[in-house]
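Visitor: Give me the fold of what follows.
(one chain, ligands or ions: 1)
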Amino acid sequence: MPDTFTAYVARTDDGVFSRGIEELPVEALGTGGVLIAVHRSTVNYKDSLAASEKGRVARISPLVVGIDLAGEVLESDSDEFRPGDLVMASGYDIGVAHHGGLAQLARVPADWVVKLPEGISLDEAMVIGTAGYTAALSVVALQDHGLLPGAGPILVTGATGGVGSVAVSILAGLGHEVVASSGKASAADWLKGLGATTVIDRAELTETPKPLMPATYAGAVDCVGGDTLAGLVARLAPGAAVAASGNTGGAKLDTTVLPFILRGVSLLGIDSATTPIARRRMVWDRIAGDLRPHGLDAIRRDIALADVEAALDEIAVGGVQGRYLVDTTA
Ligand SMILES: NC(=O)c1ccc[n+]([C@@H]2O[C@H](COP(=O)([O-])OP(=O)(O)OC[C@H]3O[C@@H](n4cnc5c(N)ncnc54)[C@H](OP(=O)(O)O)[C@@H]3O)[C@@H](O)[C@H]2O)c1
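Guide: Residues are numbered from 1 along each chain as shown. Here you go, the predicted model:
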């Protein structure tokens with residue numbers, strides 16, 4: 001075991017913010033839990049906030065950034081995991097108040113760890129990552145609400161991003177008609193390749209803000225929030241639901257009660273970070289099974305730790321198409 005490891009770190013020292021690659025002592029990870037040789041990580045929107053001075057997400061300094069990690073167990077204080085097991089860990093305090101995954105090593109409590117499901121590789125687990133897991137949680141929430149294939153078109157917003165692109169793929173794989181909303185006109189063919197039937201310009205959802213618009217969608221996965229979510233709620237069919245997880249388009253929701261009381265629509269909140277571990281493991285098993293997203297090779301963008309800074313800047317402005325896969329060993 002080396003004495004140090006390489007990590008992407010955000011820190012505020014004496015009020016001065018900085019970020020970049022550092023060599024940290026292994027003791028910085030503390031003791032106990034599961035020590036993991038991280039092989040792959042990814043870059044999520046939340047990481048761009050944790051690695052930014054004004055993001056108000058990081059709760060410790062220094063912080064190894066990265067809410068997602070996958071690799072091989074080196075040590076474990078739990079009988080559930082043994083050296084050599086392939087595992088992943090995401091959410092909870094990881095990459096926020098506990099050192100995260102953009103690093104060669106991580107140590108996390110055993111009840112944050114998920115064994116890699118059969119049929120999913122470390123690469124695939126991190127192409128999916130928290131964003132894709134959130135897409136899967138959103139689909140499960142819509143299914144729990146009663147959504148079945150054939151119900152009508154399902155709208156996915158922020159469709160070229162992490163949550164959106166995986167949601168398009170999962171929903172299309174389940175046999176749904178998927179309408180992808182995107183601000184990137186050049187990505188229409190790419191989205192159709194993932195399974196979208198139709199691609200609309202994101203402006204369509206916000207240009208005529210009325211409490212009720214034609215009832216069009218049998219369900220929706222939204223990671224944009226703001227005016228996009230308000231426009232989407234106004235277009236849900238009677239009894240339909242939207243699974244809402246994000247706020248890249250704004251945190252304020254300016255809508256009326258009319259879609260809720262005249263069409264009986266539902267707003268389902270999605271929080272991936274706090275999912276109880278038993279449910280997290282169950283949803284990952286489903287990701288390896290009936291929810292398995294296809295087209296992951298088209299979604300993935302391979303980078304090394306040295307490229308993380310540019311990726312964080314790109315995702316901060318909504319510029320990413322697909323998912324970064326970080327080889328933390330490179
Ligand atoms: N609740 C949870 O547990 C959870 C988990 C994961 C992520 N999230 C949240 O979900 C959101 C998306 O995360 P992500 O990792 O998928 O990020 P991402 O890869 O950056 O995707 C976000 C997408 O939103 C669209 N977008 C960006 N700026 C926009 C704007 N001003 N107005 C409308 N659309 C805009 C873009 O897609 P187009 O160009 O295609 O429109 C962008 O690619 C973030 O807010 C993140 O914090 C929440």
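Visitor: Please identify which helix or strand holds Thr228.
Guide: If you go by DSSP states H and E, Thr228 is part of helix 226-233.
Visitor: Give me the mean pLDDT for that helix.
Guide: Computed over helix 226-233, the mean pLDDT rounds to 97.
Visitor: same thing with stretch 175-182?
Guide: 98.
Visitor: would you put the C-alpha positions of that stretch in CSV?
Guide: Only the C-alpha atoms of stretch 175-182 are listed here, as CSV (Å, rounded to 0.1, in the frame of the first residue of the first chain):
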residue,chain,number,x,y,z
GLY,A,175,-41.2,0.4,-24.8
HIS,A,176,-42.3,4.0,-24.0
GLU,A,177,-42.7,6.7,-26.7
VAL,A,178,-40.1,9.3,-25.5
VAL,A,179,-40.1,13.0,-26.3
ALA,A,180,-36.7,14.5,-25.6
SER,A,181,-36.5,18.2,-24.8
SER,A,182,-33.1,19.8,-25.4
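Visitor: Does the helix holding Thr228 reach the ligand?
Guide: Yes - counting by C-beta under 6 Å from any ligand atom, the ligand is contacted by helix 226-233 at Thr228. Backbone N, C-alpha and C define where each C-beta goes, glycine included.
Visitor: what's that helix packed up against?
Guide: strand 219-222, strand 241-244 (3 or more C-beta pairs under 8 Å, 6 or more residues apart in numbering; DSSP states H and E).
Visitor: Now do it: everything it contacts.
Guide: Under the contact criterion C-beta atoms under 8 Å, 6 or more residues apart in numbering, helix 226-233 has outside partners 155, 157-158, 181, 202, 205-206, 209, 213, 217, 220, 222, 242, 244, 247, 249-255, 259, 265, 267.
Visitor: and Lys46, which of the helices and strands packed on helix 226-233 is closest to it?
Guide: Lys46 lies closest, by C-beta to C-beta, to one member of the helices and strands packed on helix 226-233: strand 241-244, at 15.7 Å.
Visitor: How about the residues of the stretch 151-300 of the chain by the ligand?
Guide: Checking the stretch 151-300 of the chain against the ligand by C-beta under 6 Å from any ligand atom, the hits are 158-164, 182-184, 202, 223-224, 228, 245-249, 270-273.
Visitor: Those in strands, which ones?
Guide: Judged by DSSP state E, the subset of those located in strands is Ser182.
Visitor: could you flag which of the residues of the stretch 151-300 of the chain next to the ligand are buried?
Guide: 158-164, 182-184, 202, 223-224, 228, 245-249, 270, 272 (16 or more other C-beta atoms under 10 Å).
Visitor: Now do the contacts for the closest residue to Asp327 other than its chain neighbours.
Guide: Counting by C-beta to C-beta, 6 or more residues apart in numbering, Asp327 lies nearest to Ala304, which is 5.5 Å off, once chain neighbours are set aside. Remark: with contacts taken as C-beta under 8 Å, 6+ apart, Ala304 is in contact with Val326, Asp327, Ala330.
Visitor: Spell out for me the PyMOL command that would select the buried members of the contacts of helix 226-233.
Guide: Buried members of the contacts of helix 226-233, defined by 16+ other C-beta under 10 Å, are picked up in PyMOL with:
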select buried, resi 155+157+158+181+202+205+206+213+217+220+222+242+244+247+249+255+259+265+267
